[in-house]
Every structure is written in structure tokens, then in C-alpha cells.
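> build the 3D model from these lines:
(chains A and B)
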Number of protein chains: 2
Amino acid sequence: MKDNNHKDNFARKWITYRPEIKLLDCTVRDGGLMNNHNFDDAVIRAVYNACVDAGIDYMEIGYKASGKVFSPSEYGAWKFCNEEDIRRIVGENDTPLKLSAMADTDRVDYKTDILPQKDSVLDLIRVACYIHQIPTAMDIIKDAHDKGYETTINLMAISAVPEHELDQALEIIAGSEVQTIYLVDSFGALYSEQTRYLIRKYLHYAESGNKQVGMHAHNNQQLAFANTIEAIVTGANWVDGSIAGLGRGAGNCATEQLLGFLHNPKFKLRPILECIQNHLEPLRSKLLWGYDIPYLITGFMNQHPRDAMKFNAGENRGNLTKFYDMIMEED
Amino acid sequence: MKDNNHKDNFARKWITYRPEIKLLDCTVRDGGLMNNHNFDDAVIRAVYNACVDAGIDYMEIGYKASGKVFSPSEYGAWKFCNEEDIRRIVGENDTPLKLSAMADTDRVDYKTDILPQKDSVLDLIRVACYIHQIPTAMDIIKDAHDKGYETTINLMAISAVPEHELDQALEIIAGSEVQTIYLVDSFGALYSEQTRYLIRKYLHYAESGNKQVGMHAHNNQQLAFANTIEAIVTGANWVDGSIAGLGRGAGNCATEQLLGFLHNPKFKLRPILECIQNHLEPLRSKLLWGYDIPYLITGFMNQHPRDAMKFNAGENRGNLTKFYDMIMEED
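Residues are numbered from 1 along each chain as shown, chains lettered A, B, ... in the order given. Okay, the predicted model is just below:
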């Protein structure tokens, strides 16, 4: 064989690990989209303990949503992440695990609801935005940064954004205070070559601003794990997982998949398995997350999974041809 | 951005299709490993009709197993694929769909049980073998080729084979009559870079013998679809899928996933969805195939899934820590 070089690279890549890779667990935050964040404290505590014991770097515990936009009678505590609610679970969080909350642009009263970091157990604010919300998102980033937080920006739904607009957005982001720029595959629509292309683009802008790149994948086509691996191999150093893949619709790349792949000895798999078996699998029949063919269809059509989620929550669940015909008519 | 070249390749690859790609559906053959090939005729007929209507290239209907090795009282008809059983379903198979059966080396009386092609509705004999069975496999290939069949070789469990032995095996295969050499990820252990590396190796040998390369993936780590895409992008022109991913243990790359990815207009998705909904999903609670964490664990440990299959069929199913502890003790 002539490709000895290739062989050497291959061995180096797969036998070692990159210590700079950060693993963020978003089980509670993304999974909360399936039950309006109405989790029992026991579940939140189990996920927190599992993350600590497994050596995860960050745990995202929920949203910092505005009580004026979302009614606290309809949504659970983890939609709002008040400081006292978080401390009820984590105390002073005297562990190596860092805590994160997501601020959804235009749905957060960030000036008042995000406390100065010295008064909070949160370490990281992740700002989610669509491309038309970039100016407000930049203000949330600046506010959180000035308050003392680490920050990321999670630019959503980019598989449906014109490329020159994405380039402009990334240029603006590269000039901001943000530390990590996430590639977010909101529709679970990306294939590995597209992931590689986009991560390279994100790295190009990120490196000009001395920032890192992250990957947040959805499992609509059962490609969340593969795309996250692709992102890592291409150079992303932040990756999102969720335990048992719990997350909106088809869910996310599973934390347990990533622990099998990342060979960093600080990570432990067993606490995650225990959490799945005792706390998350019992929720499956009610929350109904995970790969399913309606998500595959919206995924390869590059559509928001909302139609698939609505269909799967209704009485026609499993009637695949009915869903297919409905989507084809709409399209 | 400086990578306009990359951008052009990217658009070409994802908007067009490669007409030379052949899709082989192995639902009944690989799925039969979960029920000793005891399918009702209605299921076989439904899969056959779905394959015809969906424009699939080949359907693999079962094994040509020896009645002296496997008892016909324990195994269904599709373990043996007698000509009269196949014809009961397909008649003269007056369709563009070609039919295949698998010959498992050392478990087939190929000289007597594989008829001359002119007397059979089968078009293709696929020879499965482990590396130590290469001499016998080569004789089955020659026999089938001389009888008038198309042939493939499916070299199994290669993720646990020393590389210099694999190279020797591929060199022998390259000199044989076989038309397509399959990369088979028996343990669902391969990551995309490993798939790319191995497909390049297989192509190197295949091209010296004017042969094609194929990919048969298992979904232990939820990477079957991603690895099959990687194989296609790297140059494999034969790919295996199974409807609803039905197959041994974690199952295979799903035919419906491939139909969403391969943009050849001859392929139709709806007949496959109909078959899943009416014929395959009703079997799930009994056959219990599909991605599950015990398979993830044997996958990333590069082990045969037999321990996971046995565990999942028993009363401890779902007790993930028990499975983990058992595997760690054995290892």
C-alpha cells in the first residue's frame, strides 16, 4: 500500500485524545423542550450528579427565559433558572463541573435576569439566536461578558440561511467578546461533508478572533454522533451531548456516545448509564424523544421538525405514509 | 473565503447523484438472524413488493444454508432459499429487481444446493466468510461464477483482523472471479475515518482486478448510515440497506435513510414507508432489533454483539449498569 502517511495519521488520531475538547451536557435544557421544563427535582439532581461523576466539563441546566414572555404557571423552573432554584440542586456547586444556562434572544430580560457572575453559580451564558437577531444577541453577549461570564453563541437554523449572510454574521461574531461559536444543526439536516465544510468556515472566522468552535447536532437522520465526530476531527473543541440523547424531537448526540469516542481518561461512562436506567428511560413513554422516521423526512428536507413533533404527539403516530403525504402536499 | 474550490466540489457532490450506485436491500436476510428466518410469507411478499416499487436494485431474500448444518424444523424457509420457496413469492420475478442469496462459507452445500443460474430466479450469490475461510470462499465464488451468477464477497469481522492478513486476503480476492468486494463492519465498530481508510484500501485492490467495492454497515454506535455515506463519498458503488434497519442486533443502515440521501430519481420512498408501517413495525416487540446502549458498548469495544443480543433477549434488558459491569469483568 502506498498510503503509509495516511496510516500514521490514522493511528495517531484514534489512539490518543485531545485534552482541550470540552464536553457540554445539555440534557435538561434541550430535553426541557419536550415537557416545558417540568422536570422533578430528582431528575435534575440525578443529571447533575451523573455529570459530576462522569467528569463532564459543563452542564446546561435550562433557559434564562423572561417571565413576561413565558408564564411560570405553564413552564417549570428550568425555563427560568432563578438562582435559588439552581442552588436548591447544586448548592455552591463545589465541583469541577461548570454550569451553563441558555439565553434565547428576544425571550430573555438579560439586563435584569442575568445576575453578575460573582452572585451566581452559573459560569457560562450561551446565547441562542437566529441570524436576524444578531444585533440583540451581540448585546446579550457583551452584557454577559461584562458581568463576568464565559459566553458562547449558538446561531440556529443555518442550514436554511444564504451563505453570504452566514459569512456576514460570522464576521460580526468574530469581532465580539464571545469565546466559542457553535455550529448548530437545528433541523438535523447536515451530512458529514456539509458539517466539515461549515466547521472549516466557522474555524476560519473563529481563529481571526481567537475563539473556539463548537458543535450542537440533532439526530433527525441518525447523524448527530457522526456529525459531532466530524466536527471534532475538523477542529471543533466544544461539543454538546445529552444523556440518552434526550432533546427536542429526534434528540441530540448522546453523551454516552461521546464518552465512548473521546478517550480522555477523565471521562467515566458508568454514572451516565445509571442515570439513563434509573431516571431518563422511565420518562421516554411520556416525552417521546428520539430518532423516528418523521424526523428523518423533515431532516433530509431541511425543515424545522415542528410538523414531525406535532404528528408524533398525536393519534396518527406511526402512520408514516399519512405523514409523508402531508409533508409532500405542503412542500 | 479562500476555499471556493472546496465549495464547488461540495455543490457538485450534493446536488447530483451517481447513477452507478447499486442499492441492495438485505432486510429479510439480515433480519432473519433475529427469528431464525421464520417470517410469514406475507412479510416476505411485502418486502419484495416494496423493493420493486421503490426501485431498489437487489433484494437479498435469505441464505443458501445446508440442511445438514441447520435443521429445517428449527429454521424458516429463508435460511435455505429453495427455488420453489422463492418462486412462491416472486414467480418468475419479471421485474427490474434482481434477487440475491447469501452463501455462508462452511455452512452451505454449494455444489449441489446452488442451481445453475439458468434454472434459478436468483441473480446474485453473495459469499460471506471470515478471513480463515478464504480458500473455501474462493471456491464458492468460482462455482457460482461458473454457474452464471453475479458474485460478491463479504469478508466479515475485519475490524479485529491484523492489517497484513487483510492485505493478503484482499490480494487473493482481487485475483478471483468476484465482481464486488464488500467492506463489512460486523461489530458496528468503525468510525468514519476508519471507514474511509478501509474503503480506500479495498478500492486499491478492487481496481487492480477491475472490481467494485461495497459497504455493509451495522448500527451498534448509530453510525451505520454515516459510515455508508462515507463509503459512497470515498468511492464505494454498492451499498446495503435494510428496511427500518431490520437486522441482527442493532440492525443495519436503513434503506429509507439511503433513499433520502441518494438523489437518483428512480428511487421512491413511499412504498418503503408503507412496508415499515404495515409489516415491519408490528414485528418490533418480538424481534427487538435496533440501536440500544448494550450494542453501543460492544461497538466501541470492537466486540461481537452476541453478549448484547443475549442480554437484551433476557430478563435484565434495560439494566445498563449490570451489562456494563459484566462486560468490564469479562474484558
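> tell me who's in contact with residue A:311.
Neighbour list for residue A:311: A:294, A:317, A:323, A:326 [criterion: Cβ atoms under 8 Å, 6 or more residues apart in numbering or on different chains]. The way it works is simple: take the backbone N, C-alpha and C, and place the C-beta from them, glycine included.
> kindly recompute the last result at 6 Å.
A:294, A:323 (Cβ atoms under 6 Å, 6 or more residues apart in numbering or on different chains).
> so residue A:62 sits in a helix?
No - checked against DSSP: H, G, I helix; E, B strand; the rest coil, residue A:62 lies outside a helix; its state is strand.
> bridging across strands, which residues link to it?
On the basis of DSSP bridges, residue A:62 takes part in beta bridges with residue A:101.
> what is the burial count for the residue nearest to residue A:214 when sequence neighbours are not counted?
Distances taken as Cβ to Cβ, 6 or more residues apart in numbering or on different chains place residue A:238 nearest to residue A:214, at 3.2 Å, with adjacent residues excluded. Close neighbours of residue A:238, defined as other Cβ atoms under 10 Å in any protein chain shown, add up to 24.
> identify the residues contacting the residue in chain A that chain B sits nearest to.
Residue nearest to chain B within chain A (Cβ to the nearest Cβ): residue A:226, separated by 3.1 Å. Under the criterion of Cβ under 6 Å, 6+ apart, the contact list for residue A:226 reads A:192, B:223, B:226.
> just confirm the residue nearest to residue A:214 contacts residue A:22, I think it does.
Yes - Residue A:238 is in contact with residue A:22 according to Cβ atoms under 6 Å; the separation is 4.8 Å.
> can you list the buried residues in stretch A:275-290?
Within stretch A:275-290, the residues that qualify as buried are A:275-277, A:279-280, A:283, A:287, A:289-290, counting by 16 or more other Cβ atoms under 10 Å in any protein chain shown.
> and stretch A:302-321, C-alpha only, in CSV?
Provided in CSV are the C-alpha atoms of stretch A:302-321 (Å, rounded to 0.1, in the frame of the first residue of the first chain):
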residue,chain,number,x,y,z
ASN,A,302,-34.1,20.6,5.7
GLN,A,303,-37.2,21.6,7.5
HIS,A,304,-37.9,22.5,11.1
PRO,A,305,-39.1,19.3,12.9
ARG,A,306,-42.2,21.0,14.3
ASP,A,307,-44.6,19.2,11.9
ALA,A,308,-43.0,15.9,12.9
MET,A,309,-43.2,16.7,16.6
LYS,A,310,-46.9,17.6,16.3
PHE,A,311,-47.6,14.5,14.3
ASN,A,312,-45.7,12.2,16.7
ALA,A,313,-47.6,13.7,19.7
GLY,A,314,-51.0,13.0,18.0
GLU,A,315,-53.2,10.0,17.4
ASN,A,316,-51.6,9.3,14.0
ARG,A,317,-48.2,8.5,15.3
GLY,A,318,-46.8,5.5,13.3
ASN,A,319,-48.9,6.3,10.3
LEU,A,320,-45.8,7.0,8.2
THR,A,321,-47.5,7.3,4.8
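> the stretch 151-300 of chain A: helices as residue ranges?
Under the criterion DSSP state H, counting those that start in this stretch, the stretch 151-300 of chain A carries helices at the ranges A:163-174, A:192-208, A:224-234, A:255-261, A:270-275, A:284-287, A:293-300.
> the stretch 1-150 of chain A too?
Listed in chain order (using DSSP H, counting those that start in this stretch), the helices of the stretch 1-150 of chain A are A:4-15, A:27-31, A:41-54, A:83-90, A:110-113, A:134-146.
> now distance to chain B too, for those helices, in TSV please.
Output for the helices of the stretch 1-150 of chain A, formatted as TSV (distance: least, Cβ to the nearest Cβ, whole Å):
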stretch	distance to chain B
helix A:4-15	5
helix A:27-31	15
helix A:41-54	12
helix A:83-90	23
helix A:110-113	32
helix A:134-146	19
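> okay, these, which one's buried deepest?
helix A:27-31 (a mean of 28; mean count of other Cβ atoms under 10 Å in any protein chain shown).
> run the chain-centre distance for that one.
Mean C-alpha position of helix A:27-31 versus that of the full chain (Cα atoms, centre = their mean, to the nearest Å) differs by 8 Å.
> what about stretch A:320-331, near chain B?
Yes - using Cβ under 6 Å from any Cβ of the partner chain, stretch A:320-331 reaches chain B at A:320-321, A:324.
> residues making contact with that stretch?
Outside of stretch A:320-331, the residues that reach it under the criterion Cβ under 6 Å, 6+ apart are A:293-294, A:297, A:311, A:316, B:270, B:273-274, B:277.
> closest to residue A:75 among these?
The shortest gap between residue A:75 and any of those belongs to residue A:311, at 23.3 Å (Cβ to Cβ).
> for that closest one, give me the pLDDT.
Per-residue confidence (pLDDT) for residue A:311: 97.
> the helix or strand containing it: which residues count as buried?
In the assignment (DSSP states H and E), residue A:311 maps to helix A:306-313. Within helix A:306-313, the residues scored as buried using 16+ other Cβ under 10 Å are A:307-309, A:311-312.
> and the helix or strand just after that helix, how far out from the chain middle?
Moving toward the C-terminus from helix A:306-313, the first helix or strand encountered (DSSP H and E) is helix A:320-330. Shown here is helix A:320-330, whose average C-alpha point lies 29 Å from the average C-alpha point of the whole chain (Cα atoms, centre = their mean).
> kindly report the same for stretch A:245-258.
9 Å.
> export that stretch as CSV, just CAs?
Listed next in CSV are the C-alpha coordinates belonging to stretch A:245-258 (Å, rounded to 0.1, in the frame of the first residue of the first chain):
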residue,chain,number,x,y,z
GLY,A,245,-29.9,11.8,23.5
LEU,A,246,-32.8,13.5,25.4
GLY,A,247,-33.7,16.6,23.5
ARG,A,248,-36.2,18.2,21.2
GLY,A,249,-37.8,15.8,18.7
ALA,A,250,-35.2,13.3,17.5
GLY,A,251,-32.9,14.5,20.3
ASN,A,252,-29.2,15.2,20.3
CYS,A,253,-25.9,13.5,20.0
ALA,A,254,-25.8,11.2,23.1
THR,A,255,-23.4,12.0,25.9
GLU,A,256,-22.7,8.2,26.3
GLN,A,257,-21.8,8.0,22.6
LEU,A,258,-19.3,10.8,23.0
